[in-house]
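[1] coords please:
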Amino acid sequence: MNQVEYITLRLPFHATGDEARLIYWTTWLCKICAHRLLNKVIINPLLANLSQYDFIKMGRKLCYDTIPNRRYIDGVSTLIHASLQSAKALRVNVTKLELKPWLLFQSEAEPWAKGNLNIQFRDYDIVKILVFDKDKTSRKITIKPVIPKGYTKLIHTLIDRALRKEIGYPARVYIRDYGDELEHLYGEIQVMVKYSFYLEVMKRYDEPKGDNIAGVDVNVDRLNLVVINRSGDIIWKYTARFPQVTARGYPRRKAWSVIGEVIHKVLENAYSHGTSVIAVENPDIIGYLRYYWIRNGNRKAGNYNYKVSIFRNSIIEKIIWKAPLYGLRAIPVNPKGTTHSEEHEYIMKRYGLDKHIASAYLIALKARRSLRRP
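    Below is the predicted model of the structure:
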């Protein structure tokens with residue numbers, strides 16, 4: 001897996017009246033720019049081979065008459081370019097790509113501008129945003145996002161350093177929903193912070209308490225933890241369930257809040273039972289196509305297995321980058337044989353384990369074997 005460079009903090013907000021209308025039109029102007037860039041690549045697929053620098057230069061030429069702000073154009077160009085590189089790595093035909101129906105705009109980090117010039121925190125819960133009307137006139141508006149309790153310390157430290165021009169932060173405005181007449185708009189200020197900074201501010205334990213190994217089996221409605229010693233004996237078993245998040249209509253933001261709390265409980269359990277290494281299944285490489293603007297036109301949106309794999313992989317990724325908060329080292333292992341195999345059946349019968357706990361045990365054993373190799 002690639003090393004995590006940034007994590008995203010999602011801060012919800014509600015806008016009304018002119019502010020809602022201006023945010024909406026700014027996202028649409030950026031979306032038009034995205035369409036232009038992607039259509040250019042579809043006509044000439046060789047453009048997908050451009051470097052990020054050259055792709056951004058092309059974006060400025062194509063889009064400045066649409067959204068007259070270099071930083072927002074660079075943000076759209078960066079997203080499209082990253083998606084194209086992922087598509088190439090996944091051997092997806094770039095001429096078959098489509099834009100997802102998402103509305104957002106973003107601006108890169110600029111420490112000299114107190115963090116970010118276009119989407120800038122003026123205080124812990126006050127954000128000034130540069131927006132455009134449909135006639136492309138610009139102005140700045142003020143948004144007051146909600147700071148989740150778990151992010152308070154991180155946001156305060158980030159803004160303090162940014163206002164002293166010590167640090168910058170990429171930021172994005174993302175629309176989640178809006179009324180028919182744009183009288184209401186619900187969105188998120190998405191702030192990207194460096195992973196090293198996140199660990200510096202949020203770390204709970206510097207060193208593990210012991211030398212045990214934990215395995216975590218991830219499912220869409222539960223996490224199963226097994227802690228073993230270096231001899232392979234089971235020290236601790238723990239299951240955390242969250243069936244409510246899979247219910248139809250359950251709010252996505254609330255679901256991830258629940259899952260985040262469960263992940264912390266699992267990691268706390270692992271730490272308190274002397275774990276130094278925590279193993280998870282190595283998630284499949286899906287890439288930027290699931291995060292940003294683009295999707296494969298050949299893929300059906302209703303593909304349940306694809307959605308489940310994305311959901312499970314997202315949980316696994318969160319475990320991996322949260323593990324160091326507890327002084328734990330995360331190891332991705334090959335999942336082959338941890339769910340359906342003769343060894344899995346044997347482990348269930350020998351130890352009287354259910355299939356999920358048995359999977360977690362096998363994941364821990366795989367990590368133990370890899371650690372014993374020279």
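
[2] helices along the stretch 201-350 of the chain, start to end?
    Per DSSP state H, counting those that start in this stretch, the stretch 201-350 of the chain carries helices over the ranges 252-272, 304-322, 342-351.

[3] now those helices in JSON lines, with distance to Pro170?
    Placement of C-beta: from N, CA and C, glycine included. Below are the helices of the stretch 201-350 of the chain laid out as JSON lines (distance: least, CB to CB, whole Å):
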{"stretch": "helix 252-272", "distance to Pro170": "20"}
{"stretch": "helix 304-322", "distance to Pro170": "17"}
{"stretch": "helix 342-351", "distance to Pro170": "43"}
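
[4] mean pLDDT lowest for which of the ones you listed?
    Across the helices of the stretch 201-350 of the chain, helix 304-322 has the smallest mean pLDDT, namely a mean of 78.

[5] thinking again about what came up before, and the helices of the stretch 201-350 of the chain: which comes nearest Leu104?
    In terms of CB to CB, the element of the helices of the stretch 201-350 of the chain nearest to Leu104 is helix 252-272, at 15.5 Å.

[6] what is the closest one packed up against?
    On a contact count with 3 or more CB pairs under 8 Å, 6 or more residues apart in numbering; DSSP states H and E, helix 252-272 meets strand 222-228, strand 234-241, helix 304-322.

[7] deepest of those, which one?
    Of all these, strand 222-228 carries the top mean neighbour count, a mean of 24, counting by mean count of other CB atoms under 10 Å.

[8] list phi and psi for His184.
    Dihedral angles of His184 (phi, psi; degrees, to the nearest 10) stand at phi -140, psi 150.

[9] kindly report the same for Leu328.
    Phi and psi for Leu328, reported as degrees, to the nearest 10, are phi -100, psi 150.

[10] just give the closest residue to it, not the sequence neighbours.
    Closest residue in space to Leu328, ignoring its immediate chain neighbours: Ile278 at 4.9 Å, by CB to CB, 6 or more residues apart in numbering.

[11] who's the one you found bridged to?
    Ala214, Ala330 (DSSP bridges).

[12] returning to that earlier point: and of the helices of the stretch 201-350 of the chain, who's closest to Leu37?
    Closest approach to Leu37 among the helices of the stretch 201-350 of the chain (CB to CB): helix 304-322, 24.7 Å.

[13] in this protein, where's the longest helix?
    helix 17-43 (DSSP state H).

[14] what is the next helix or strand after it packed up against?
    Per DSSP states H and E, helix 17-43 leads on to helix 52-63 as the next helix or strand towards the C-terminus. Judged by 3+ CB pairs under 8 Å, 6+ apart, helix 52-63 is in contact with helix 17-43, helix 70-89.

[15] burial-wise, tell me which of those helices comes out on top.
    Among the helices and strands packed on helix 52-63, helix 70-89 has the highest mean neighbour count (mean count of other CB under 10 Å), at a mean of 21.

[16] next secondary structure element downstream of that helix?
    strand 97-99.

[17] so what touches the helix or strand following that next one?
    The first helix or strand that comes after strand 97-99 along the chain, using DSSP H and E, is strand 104-107. With contacts defined as CB atoms under 8 Å, 6 or more residues apart in numbering, strand 104-107 is touched by 26-27, 30, 71-72, 75-76, 78-79, 116-119, 130, 170-175, 190.

[18] same question, stretch 271-281
    By CB under 8 Å, 6+ apart, stretch 271-281 touches 205, 208-218, 227, 235-236, 267, 270, 316, 319-320, 323, 326-333, 335, 338, 363-364, 366-367, 371.

[19] now the host helix or strand of Ser359 against strand 222-228, angle please.
    Per DSSP H and E, Ser359 falls inside helix 355-372. Helix 355-372 and strand 222-228 are oriented at 40 degrees to each other (axes from the mean of the first three to the mean of the last three CA atoms, to 10 degrees).

[20] helix 355-372: which residues count as buried?
    Under the neighbour-count criterion of 16 or more other CB atoms under 10 Å, helix 355-372 has 356-368 buried.

[21] likewise for stretch 321-330?
    For stretch 321-330, by 16+ other CB under 10 Å, it's Trp321, Lys322, Ala323, Pro324, Leu325, Tyr326, Gly327, Leu328, Ala330.

[22] tell me, how many residues neighbour the nearest residue to the first one once chain neighbours are set aside?
    To tie it back to what came earlier, the one meant is Trp321. Distances taken as CB to CB, 6+ apart place Val4 nearest to Trp321, at 4.6 Å, with adjacent residues excluded. Around Val4 there are 15 other residues, counting by other CB atoms under 10 Å.

[23] same question, Tyr195
    For Tyr195, the neighbour count with other CB under 10 Å is 15.

[24] isn't it right up against Ile7?
    Yes: here Tyr195 reaches Ile7: they are 5.8 Å apart, a contact under CB atoms under 8 Å.

[25] what is in contact with these two at once?
    Trp321.

[26] how is this protein divided into domains?
    Under the assignment automatic domain parsing, the domains of the chain span 6-201, 206-372.
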